[in-house]
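# no sequence for this one, just the structure:
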């Protein structure tokens, strides 16, 4: 039986990445070690992760009728991502992200401007309803306007499709919006922003997850960087360790890699914990190479990390 597709709603931006041995402070100019221009945007990156793992992704977004928009379309064609819902506009330019990566630690700071994607409308989302209704999951983030994100989640929920919200970048969310989330996948900073609970230990992570469950989330999958992830709902609590796939080079796309892997796990019929384990493995590989979309691993690389153990398909 074919695996159902995953509908991803989000943004595409051109990632303008600067690597530097020392991070600048305000008013300071430093010399960088490398410059890269490439594809990015959380939803776009997650779609690439899904496709490279053998999943089918429908991506819902809007881009400008410009060089960056063409970069997006060329990549989707090359990666096998269904782009029938990648809409174009002449009124707005495609968005961009400025990324500064610390050469020594692999950590980053990012500024994102969504550009044309901010012009995506509720009616345009509804044109994808027939494809959402047959999906294994609906995955979105917070780079689009909140009202658009909430509309997409609400539409998927009405159609009976499992919803995944990656609440990034961090911002305040209403209880009514959290109640639309079958799965919420915050990192430590995003979970702290939503709960006010600083996360230092696994106990802190579990307490933050409980607070989110009390606000109406179905299952919390809290990513913990090098410590893996914590899965918590009313029936279980499970720590999923991280995977060490090699030296950390760039953590920029790790969250997107995790979410793409997690969604693929659900689509393939894995339970929540096993899906989180798959997400941790995908993220573990992605941080060993630079970039966002280009860092996403293939299924064969994932299988190698699992030491020959094949995951359910």
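Yes, it's here. Note that the structure is a prediction, hence the values are computed from the model and not measured.
# Three-state assignment for residue 222, please.
With DSSP: H, G, I helix; E, B strand; the rest coil as the basis, residue 222 sits in strand.
# Once you drop chain neighbours, what's closest to it?
Computed as C-beta to C-beta, 6 or more residues apart in numbering, the closest residue to residue 222 that is not its neighbour in sequence is residue 230, at 4.6 Å. Glycine gets a C-beta too; all of them are placed from N, C-alpha and C.
# Doesn't the one you found lie inside a strand?
Yes. Residue 230 forms part of a strand when assessed by three-state DSSP.
# got a pLDDT number for the residue at minimal distance from the centre of the chain?
Nearest to the mean C-alpha position of the chain, counting by C-alpha atoms, centre = their mean, stands residue 256 at 3.1 Å. For residue 256, the pLDDT comes out at 97.
# Which of the helices and strands in the chain ranks last by mean pLDDT?
Within the chain, no helix or strand scores below strand 108-115, which has a mean of 89 by mean pLDDT, DSSP states H and E.
# ok, that strand: who's next to it in the sheet?
strand 94-102 (antiparallel) (DSSP bridges).
# Could I get the buried residue list for the partner strand?
Going by neighbour count (16 or more other C-beta atoms under 10 Å), the buried part of strand 94-102 is 94, 95, 96, 97, 99, 100, 101, 102.
# The first one bridge partners, please.
Note on residue 94: beta-bridge partners residue 115, judged by DSSP bridges.
# try the last one
Beta-bridge pairing of residue 102 under DSSP bridges involves residue 20.
# Show the contacting residues for it.
Shown in contact with residue 102 (C-beta atoms under 8 Å, 6 or more residues apart in numbering): 20, 21, 23, 108.
# so the second one makes contact with residue 101?
No. With contact defined as C-beta atoms under 8 Å, residue 21 does not reach residue 101; the gap is 10.4 Å.
# model confidence over stretch 233-243, on average?
95.
# from the middle of its chain, how far away would it be?
Offset of stretch 233-243 from its chain centre (C-alpha atoms, centre = their mean, to the nearest Å): 19 Å.
# for stretch 269-285, same thing?
Worked out by C-alpha atoms, centre = their mean, stretch 269-285 lies 13 Å from the chain centre.
# can you pull the buried residues of that stretch?
Buried residues in stretch 269-285, counting neighbours by 16+ other C-beta under 10 Å, are found at 270, 272-285.
# Pick out the most distant pair among these.
272 and 285 (21.0 Å; C-beta to C-beta).
# just the buried residues of stretch 269-285 now: which is nearest residue 244?
Ranked by distance to residue 244 (C-beta to C-beta), the buried residues of stretch 269-285 are led by residue 284 at 6.5 Å.
# ok, then the element right after the helix or strand harbouring the closest one?
Element membership for residue 284 (DSSP states H and E) is helix 272-286. Counting by DSSP H and E, the next helix or strand C-terminal to helix 272-286 is helix 299-305.
# Packing partners of that following helix?
Helices and strands touching helix 299-305, by 3 or more C-beta pairs under 8 Å, 6 or more residues apart in numbering; DSSP states H and E, are helix 272-286.
# Kindly tell me how buried residue 35 is, as a neighbour count.
By other C-beta atoms under 10 Å, the residues close to residue 35 number 9.
# for residue 300, that is, sorry about that
Residue 300: 9 surrounding residues under other C-beta under 10 Å.
# again, but for residue 111
Using other C-beta under 10 Å, residue 111 has 10 other residues around it.
# so how far is residue 303 from it?
Distance, residue 111 to residue 303, by C-beta to C-beta, to the nearest Å: 36 Å.
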